[in-house]
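Peer 1: predicted coordinates and the sequence they were generated for:
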10 protein chains.
Amino acid sequence: MEFLVRMDIEFPPELTSDEMGELYAAEAAQAKVLATEGTLVRLWRIPGRRSNWGLWRAEDATSLHEALTSLPLWKYMDVEVSAMARHPNDPGVEQR
Amino acid sequence: MEFLVRMDIEFPPELTSDEMGELYAAEAAQAKVLATEGTLVRLWRIPGRRSNWGLWRAEDATSLHEALTSLPLWKYMDVEVSAMARHPNDPGVEQR
Amino acid sequence: MEFLVRMDIEFPPELTSDEMGELYAAEAAQAKVLATEGTLVRLWRIPGRRSNWGLWRAEDATSLHEALTSLPLWKYMDVEVSAMARHPNDPGVEQR
Amino acid sequence: MEFLVRMDIEFPPELTSDEMGELYAAEAAQAKVLATEGTLVRLWRIPGRRSNWGLWRAEDATSLHEALTSLPLWKYMDVEVSAMARHPNDPGVEQR
Amino acid sequence: MEFLVRMDIEFPPELTSDEMGELYAAEAAQAKVLATEGTLVRLWRIPGRRSNWGLWRAEDATSLHEALTSLPLWKYMDVEVSAMARHPNDPGVEQR
Amino acid sequence: MEFLVRMDIEFPPELTSDEMGELYAAEAAQAKVLATEGTLVRLWRIPGRRSNWGLWRAEDATSLHEALTSLPLWKYMDVEVSAMARHPNDPGVEQR
Amino acid sequence: MEFLVRMDIEFPPELTSDEMGELYAAEAAQAKVLATEGTLVRLWRIPGRRSNWGLWRAEDATSLHEALTSLPLWKYMDVEVSAMARHPNDPGVEQR
Amino acid sequence: MEFLVRMDIEFPPELTSDEMGELYAAEAAQAKVLATEGTLVRLWRIPGRRSNWGLWRAEDATSLHEALTSLPLWKYMDVEVSAMARHPNDPGVEQR
Amino acid sequence: MEFLVRMDIEFPPELTSDEMGELYAAEAAQAKVLATEGTLVRLWRIPGRRSNWGLWRAEDATSLHEALTSLPLWKYMDVEVSAMARHPNDPGVEQR
Amino acid sequence: MEFLVRMDIEFPPELTSDEMGELYAAEAAQAKVLATEGTLVRLWRIPGRRSNWGLWRAEDATSLHEALTSLPLWKYMDVEVSAMARHPNDPGVEQR
């Protein structure tokens, strides 16, 4: 099942640049893990913001929740999940 | 450049089932054209609604507008376009 | 998988009381079918409105969409679907 | 009388992981008490968030308020209560 | 149990002044019935609008729904119901 | 003149339980004063929240403002005031 | 007592230019009456819209409602009334 | 040119009563200056809140911005400005 | 003075393609007039919609209102005007 | 490609006037760089606020994001980007 997920990140003011750098590195590593296992499919940055839209694949909302909360930045995120249904006109998995 | 696009369709009450059927067939045909040329990449139905989210690719907002307005259902749609930037953690084009 | 679904019904002004009565009867019959197959689990009326909240069970958003659009009143509804994850403190299936 | 209740939890930044752990344990214990007495009927996690929807049963809004404020996490919650009426198409108490 | 209820009335454009007059007369009569039985306690007009706030008393949301839908104007109304709990500082039933 | 007033209380995180207790006691005392002089007519708790709806009576918005700001909790409140007009179907002052 | 009032006018599509012209003339005449009696104090057009903000003076919300509903355009308006209190820094009645 | 301006004041929690008192005195003094030069025309308190609506006169939005930011409380304010056009039914400058 | 203006066009369903074509031609002609006199400075289409953002220049909100209402499509538009102030970092009039 | 961008700046309370001064100077310098390279085309202040609307030019949303995040004030901003399409009635690059 596919989900569209919007994430808005808000850091507490006391976080240092170093701590942010470490968090971003850990986030990238965990995103790679989730991409490899096929849970994180696509990720787009919303321009001008610490926000993104992502396409995620999971068996159900419970396993999606586990994937999302495995992200090191999760506790600084506001997350909105929308469950997607198949559309008859969907071109399907893309081939560029 | 990639765009996330949300479409909400609202039909005028006087449209007959036959007219709707023809519109949907024409829509499917044009969606296929746009998919073949690489403009329409993915399309998801929002469950319970005559609405969808789509992933679109176009050189800029002007050519995206042309693609969107080429859809037979466009005049019954409310459309919201969001321009996406590349995210460093994006797994990229999917291979299932 | 479980979903919370909110439905708001709006009838076109030209619908007669008789047509409404028939629609409601057909709706009740189809709701019974969906309840028997375990898709429609609970249904609550929002007081003062032609609206309801429902608890639905379906394999994924695609089969939920099929169930929702099988309702005779669907074309007069505005529907919002929220996919639910399991909560560790959920008492589970109720026994009164 | 049944109520649908949405809870959004927001922790103050200074709360330690240990304090959170204790709060969650206390919350689970109190949820069990409320479930046993039949006040908390179902609880669903909203995926990606520290939020939940719940189905609650109470004699009236005053006793519901007492149940909700008995939760150890209550003071960190934003809570929205909706009173539900019986719907003629409700399948009723579920039997799986 | 007490409820605060907001009603916004919107008439279809084709309703004549005579039909409106009859509806308002029937509405006043039914409001009197509901007041006499103690269901409708107070009613305030929102200035400048065909809208009102009311204080209602009913055993639960189901009987409130019955009272609200007994109003001749109900089918032209958008209604929002909020269940109220007892407040320790409430002066209680008023005596002027 | 009558006013419907909604209050949402938000305490700063550093407030101790003792300070809160004192504030609530002072609030109850001042609410009694305002009730005695006929300014505070009814007060309902919004279930699950530190919020209330109230029915207030004052000569005009200026004297209502004075009454509201005399409350010890006022500086922690977000307050929304709605001026009410007389409704022809109002049952008037209640007698239980 | 003073009120800030926002009006948004929406005409039904079937209204002819002539009917609109007559309505506007009647509106101007009634606005003059209300200005002369001191109820309508100031009126500003919201640029680009059939909308206005006005400063009104009335004994209470009930007499304001009577003034507003005396306007020939009232039945095509959406009206929002805000009761104003005296501000200590108000320069008071203007002298240009 | 005339502008309607809404201001919502929010003080940081660490501000002492004395500092607030000084700020309010300085605000009153500067409001008087702006009133004398004809920039601040009217000011109304929104009952129950640290908020106000004001009628301002300035050559354009740039000089209005200068006037608004000259207020000692400006840095604690959220300000919304609406440019007003002349309305043909405006009674004009008031004479009480 | 400069204004940012957003326009959303909604056509009544009974408008024929021919009537729309004539309206668009008349709109283009009047837009040219307003551009020549320096009132309409820039116009951008919001992709996927019958909507636009524009940069307008006018002496004040009253003359802007006259310019906007001179557009043949005005009666089908919902228009939102925002008055702009000069920004110290504005690169000023563009030279490409 | 052109973008309309809205920025709302919110400073943390602990920032001193000196730090703000330095930030504003650095912001002005970087705005000049972006204007010289043709990325920042116009910038308007929203009167009464620490907010602005800007017209930006960039190859795509990714390079726009880089330009926006190069601003020294970026980390204190809430930014909303809207991609613009060409409008047939656009007067084009302005000549004053």
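Peer 2: Arrived safely, thanks for sending. Numbers count the residues shown, from 1 in each chain, chains lettered A, B, ... in the order given.
Peer 1: what ranges in chain A fall below the confidence cut-off?
Peer 2: Along chain A, the model assigns pLDDT under 70 to residues A:93-96.
Peer 1: for chain I, what's the nearest residue on it?
Peer 2: Closest approach between chain A and chain I, counting by C-beta to the nearest C-beta: A:Pro47, at 14.5 Å. In short, each C-beta sits where N, CA and C put it, glycine included.
Peer 1: help me confirm that that residue is found in a helix?
Peer 2: No - secondary structure assignment places A:Pro47 outside any helix; it is coil (DSSP: H, G, I helix; E, B strand; the rest coil).
Peer 1: now do the helices in chain A.
Peer 2: For chain A, the helices identified by DSSP state H occupy A:17-36, A:61-69, in order along the chain.
Peer 1: from the contact counts, what lies against the first one?
Peer 2: I take that to be helix A:17-36. Using 3 or more C-beta pairs under 8 Å, 6 or more residues apart in numbering or on different chains; DSSP states H and E as the contact criterion, the neighbours of helix A:17-36 among helices and strands are strand A:40-45.
Peer 1: same question for the shortest one.
Peer 2: The contact analysis (3+ C-beta pairs under 8 Å, 6+ apart) places helix A:61-69 against strand A:2-9, strand A:51-57, strand A:77-86, strand C:77-86, strand D:40-45.
Peer 1: ok, for whichever residue of chain A sits closest to chain D, nearest residue in space, not its chain neighbours?
Peer 2: Nearest to chain D, among the residues of chain A, is A:Val79, at 3.4 Å (C-beta to the nearest C-beta). The shortest distance from A:Val79 to any residue that is not its chain neighbour, by C-beta to C-beta, 6 or more residues apart in numbering or on different chains, is 3.4 Å, and that residue is D:Gly48.
Peer 1: and the one you found, its phi and psi?
Peer 2: phi 90, psi 0 (degrees, to the nearest 10).
Peer 1: that one contacts A:Ala83, correct?
Peer 2: No - with contact taken as C-beta atoms under 8 Å, D:Gly48 and A:Ala83 are classed as non-touching, separated by 11.4 Å.
Peer 1: how many neighbours does A:Glu27 have?
Peer 2: Neighbouring residues of A:Glu27 were enumerated by other C-beta atoms under 10 Å in any protein chain shown; the total is 17.
Peer 1: same deal with A:Arg42?
Peer 2: Using other C-beta under 10 Å: A:Arg42 sits among 24 other residues.
Peer 1: ok, now A:Gly54?
Peer 2: 24.
Peer 1: and the one 3 residues further on, by the same measure?
Peer 2: Neighbouring residues of A:Arg57 were enumerated by other C-beta under 10 Å; the total is 20.
Peer 1: my guess is it contacts A:Met1, does it?
Peer 2: Yes - with contacts defined as C-beta under 8 Å, A:Arg57 counts as touching A:Met1 at a distance of 7.0 Å.
Peer 1: residues in contact with the closest residue in space to A:Glu59 that isn't next to it in sequence?
Peer 2: Here the nearest residue to A:Glu59 in space, its sequence neighbours aside, is A:Met1; by C-beta to C-beta, 6+ apart that works out to 6.8 Å. Taking C-beta atoms under 8 Å, 6 or more residues apart in numbering or on different chains as the criterion, A:Met1 is in contact with A:Arg57, A:Ala58, A:Glu59, A:Asp60, A:Ala83, A:Met84, C:Met1, C:Asp60, C:Ala61.
Peer 1: quick check: A:Ala85 vs A:Leu73, distance?
Peer 2: Counting by C-beta to C-beta, to the nearest Å, the gap between A:Ala85 and A:Leu73 amounts to 29 Å.
Peer 1: with neighbour numbers in mind, choose between the two.
Peer 2: The neighbour comparison of A:Ala85 against A:Leu73 (other C-beta under 10 Å) goes to A:Ala85, with 24 against 17.
Peer 1: so that one sits against C:Thr62, correct?
Peer 2: Yes - using C-beta under 8 Å, A:Ala85 makes contact with C:Thr62 at a distance of 4.3 Å.
Peer 1: shared neighbours of the two, anything?
Peer 2: Common contacts of A:Ala85 and C:Thr62 (C-beta under 8 Å, 6+ apart): B:Arg45, B:Pro47.
Peer 1: so what's the closest residue to A:Gly92 other than its chain neighbours up against?
Peer 2: Using C-beta to C-beta, 6+ apart and skipping the chain neighbours, the partner closest in space to A:Gly92 is B:Arg42 (7.8 Å). Contacts of B:Arg42 were listed using C-beta under 8 Å, 6+ apart, and they are A:Leu55, A:Asp90, A:Pro91, A:Gly92, A:Glu94, B:Gly54, B:Leu55.
Peer 1: give the ChimeraX command for selecting the buried subset of those.
Peer 2: This is the ChimeraX syntax for the buried subset of the contacts of B:Arg42, where burial follows 16 or more other C-beta atoms under 10 Å in any protein chain shown:
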select /A:55,90,91,94 /B:54,55
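Peer 1: and which of the contacts of B:Arg42 is nearest to chain J?
Peer 2: Nearest to chain J among the contacts of B:Arg42: B:Leu55, at 13.8 Å, using C-beta to the nearest C-beta.
Peer 1: tell me what that closest one is bridged to.
Peer 2: For B:Leu55, the beta-bridge assignment (DSSP bridges) gives partners B:Leu4, B:Arg42.
Peer 1: E:Glu66 versus that one, what's the distance?
Peer 2: Summarising the geometry, the distance separating B:Leu55 from E:Glu66, computed by C-beta to C-beta, is 48 Å.
Peer 1: pick the most deeply packed of the helices of chain A.
Peer 2: Ranked by mean neighbour count, the helices of chain A are led by helix A:61-69 with a mean of 20 (mean count of other C-beta atoms under 10 Å in any protein chain shown).
Peer 1: excluding chain neighbours, what is closest to A:Val5?
Peer 2: Across the structure, with C-beta to C-beta, 6+ apart as the measure, the residue nearest A:Val5 apart from its sequence neighbours is A:Gly54 (4.8 Å).
Peer 1: quick one: residues contacting the residue in chain A that chain J sits nearest to.
Peer 2: Each residue of chain A has a distance to chain J, by C-beta to the nearest C-beta, and the smallest belongs to A:Gly48, at 3.4 Å. A:Gly48 makes contact with J:Val5, J:Leu64, J:His65, J:Leu68, J:Thr69, J:Met77, J:Val79, J:Glu80, J:Val81 under the criterion C-beta under 8 Å, 6+ apart.
Peer 1: surely the third one meets A:Pro47?
Peer 2: What that stands for is J:His65. Yes - counting by C-beta under 8 Å, J:His65 does reach A:Pro47; the two are 4.3 Å apart.
Peer 1: okay, and the common contacts of those two?
Peer 2: Counting by C-beta under 8 Å, 6+ apart, the residues touching both J:His65 and A:Pro47 are B:Ala85.
Peer 1: A:Pro47: what's it in contact with?
Peer 2: Per C-beta under 8 Å, 6+ apart, neighbours of A:Pro47: B:Ala83, B:Met84, B:Ala85, J:Phe3, J:Ala61, J:Thr62, J:Leu64, J:His65, J:Leu68, J:Val79, J:Val81.
Peer 1: can I get these in TSV with distance to C:Glu37?
Peer 2: Supplementary listing: the contacts of A:Pro47 in TSV, determined by distance: C-beta to C-beta, whole Å:
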residue	distance to C:Glu37
B:Ala83	43
B:Met84	40
B:Ala85	45
J:Phe3	50
J:Ala61	45
J:Thr62	48
J:Leu64	50
J:His65	48
J:Leu68	52
J:Val79	48
J:Val81	46
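Peer 1: from these, which is closest to chain C?
Peer 2: If you rank the contacts of A:Pro47 by distance to chain C using C-beta to the nearest C-beta, B:Met84 comes first, at 22.5 Å.
Peer 1: what's the local residue count around the closest one?
Peer 2: When neighbours are defined as other C-beta under 10 Å, B:Met84 has 26 of them.
Peer 1: beta partners for it?
Peer 2: Using DSSP bridges, the bridge partners assigned to B:Met84 are B:Glu2.
Peer 1: I'd say A:His65 and D:Arg45 touch.
Peer 2: Yes - counting by C-beta under 8 Å, a contact exists between A:His65 and D:Arg45, whose distance comes to 6.2 Å.
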